[in-house]
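Student: Take a look and give me a structure for this.
(one chain, ligands or ions: 2)
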Amino acid sequence: MYSRKNVGPSKDNNIRSDAEVQDGYTVQQQEQYTKYLRKLKNDFEETWCKKKKYTFDFKEFDRVKTLGTGAFGRVVLLKHLKSYKLYAMKVLEKEKIVKMKQVEHTLYEKRILEAIRFPFTVYMELSFKDNSYVYFIMPFVPGGEMFTHLRRLGKFEEPLAKFYASQVILALEYLHFCNLVYRDLKPENILIDKNGFLKITDFGFCKLLQGRTWTLCGTPEYLAPELILSKGYGFSVDWWSFGVLLFEMNAGYPPFYANEPMKTYEKIVAGKYRCPSGFNSDLRDLIRNILQVDITHRYGVMKNGVMDYKNHRWFKGLEWESILNCRTQPPYVPKYRGPDDTTNFERYEDEPMKTSPICLYESEFFDF
Ligand SMILES: Nc1ncnc2c1ncn2[C@@H]1O[C@H](COP(=O)(O)OP(=O)(O)OP(=O)(O)O)[C@@H](O)[C@H]1O
Ligand SMILES: [Mg+2]
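Tutor: Ligands and ions are numbered 1, 2, ... in the order given. Next comes the predicted model:
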């Protein structure tokens, strides 16, 4: 796991301590933080360029149960028989990946998960492949999906929504700093750890961006207008999805919704939504500044970048460094009765895996 101590700028610089609460995040603080992000980016780039070799032996593990399923495979809980350490293993079927033209995305997912290290994102410990499947092994995050908690609670109280929103902002800032566009932000892909902090998972659509990209991917309710309109897009799409997430956390439902994806898209490109009466003026103002169809007016991609968030009135009093260093007391901690408690996850049918006697799609997955 991460060494929390190493996360965040050191104390011997001109950043204020947690005790001196002031309003707003200063330019000096951001400059200092940028130095730290530069170091993380260097670490990312170093690992990105290395080709690692891993060894893995299934016999050393017990396959406990399925934690989640998706279009190309599933995520299962693994227990190391000797150490009892728990892992989440994402298993993707090569055949499905090829048929759905996701080979490039899968190769990206592996390299990205291998190279990222940030307090609010998952990472990969090792990967391997066999004749039919590719596998990613990550630490198990036991609190379950934000989605499950959001549906159970109906909506999040403002302090909790703020606590989560600040971590997502820091994670997106880190990813974008490393030139990674995430492209699938939604409560299903955000996990809660045993202490109540977030870990973003599912880097299946994440990409190292050079210039703009055109691929239509993501989840209908969370797609940005520029992505729907095939305009060529960049990091702005993640900030739009963040706006949708912010709305959904506070309302309990997303801002743009219809029975069919096409109708949802029409609402998104029109940029029309209604805030529930319970939203206060600061929250409304923040959401209005994010859900801007015109990206030149969208928070996150304007000249002040992330500072527009860090200094917005809705986050007044929030200690960004405390959040980053996980020193803030989480307003909500998922129930968790021991290391292999999976009650925070939905139940899924466990399917037997059928491994082909011959190696399938060897050339497509040569680099995996
Ligand atoms: N490290 C983890 N610890 C615990 N649960 C996890 C972990 N990673 C993923 N999961 C669970 O598995 C679910 C599916 O994982 P993920 O989102 O990566 O795959 P997916 O949605 O199938 O991917 P894709 O969108 O590429 O088809 C997650 O929503 C989450 O519930
Ligand atoms: Mg997912």
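Student: Please name the nearest non-neighbouring residue to L160.
Tutor: Leaving out its chain neighbours, the residue that sits closest to L160 by Cβ to Cβ, 6 or more residues apart in numbering is P331, at 4.6 Å. To be clear about C-beta, it is placed using only N, CA and C from the backbone, and glycine gets the same treatment.
Student: Can you name the residues that contact the one you found?
Tutor: 157, 159-160, 163, 196 (Cβ atoms under 8 Å, 6 or more residues apart in numbering).
Student: For these, pick the one with the most neighbours.
Tutor: Most neighbours among these, by other Cβ atoms under 10 Å: F163, with 21 neighbours.
Student: Which element, helix or strand, includes it?
Tutor: helix 158-177 (DSSP states H and E).
Student: which is the next helix or strand following that helix?
Tutor: strand 180-181.
Student: The next helix or strand after that next one vs ligand 2: in contact?
Tutor: As assigned by DSSP H and E, the chain's next helix or strand after strand 180-181 is strand 190-192. No - Strand 190-192 does not reach ligand 2 (Cβ under 5 Å from the ion); its nearest approach is 9.7 Å.
Student: Show me what strand 190-192 is packed up against.
Tutor: helix 146-153, strand 198-200 (3 or more Cβ pairs under 8 Å, 6 or more residues apart in numbering; DSSP states H and E).
Student: Show me which residues of the stretch 201-350 of the chain are close to ligand 1?
Tutor: 201-202, 204 (Cβ under 6 Å from any ligand atom).
Student: What separation do you get for K207 and Y123?
Tutor: Distance of K207 to Y123, computed by Cβ to Cβ, to the nearest Å: 17 Å.
Student: same deal with F72?
Tutor: Taken as Cβ to Cβ, the span from F72 to Y123 is 20 Å.
Student: can you check K85 too?
Tutor: 15 Å.
Student: okay, now the residue of the chain found nearest ligand 2: neighbour count?
Tutor: Closest contact between the chain and ligand 2, by Cβ to the ion, is at D202 (3.7 Å). For D202, the count of nearby residues is 21 (other Cβ under 10 Å).
Student: Excluding chain neighbours, give the residue nearest to it in space.
Tutor: N189 (4.2 Å).
Student: Surely E158 is in contact with L286?
Tutor: No - E158 is beyond contact range of L286, at 11.6 Å (criterion: Cβ atoms under 8 Å).
Student: what sits opposite T66 in the beta ladder?
Tutor: V76 (DSSP bridges).
Student: show me the contacts for it.
Tutor: 74-77, 348-351.
Student: Let's have those in CSV, adding pLDDT, distance to ligand 2 and neighbour count.
Tutor: Formatted as CSV, the contacts of T66 follow (pLDDT from 0 to 100; distance: Cβ to the ion, whole Å; neighbours: other Cβ atoms under 10 Å):
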residue, pLDDT, distance to ligand 2, neighbour count
R74, 94, 11, 19
V75, 96, 9, 21
V76, 96, 14, 23
L77, 96, 16, 20
Y348, 92, 13, 14
E349, 89, 18, 7
D350, 84, 19, 12
E351, 84, 18, 11
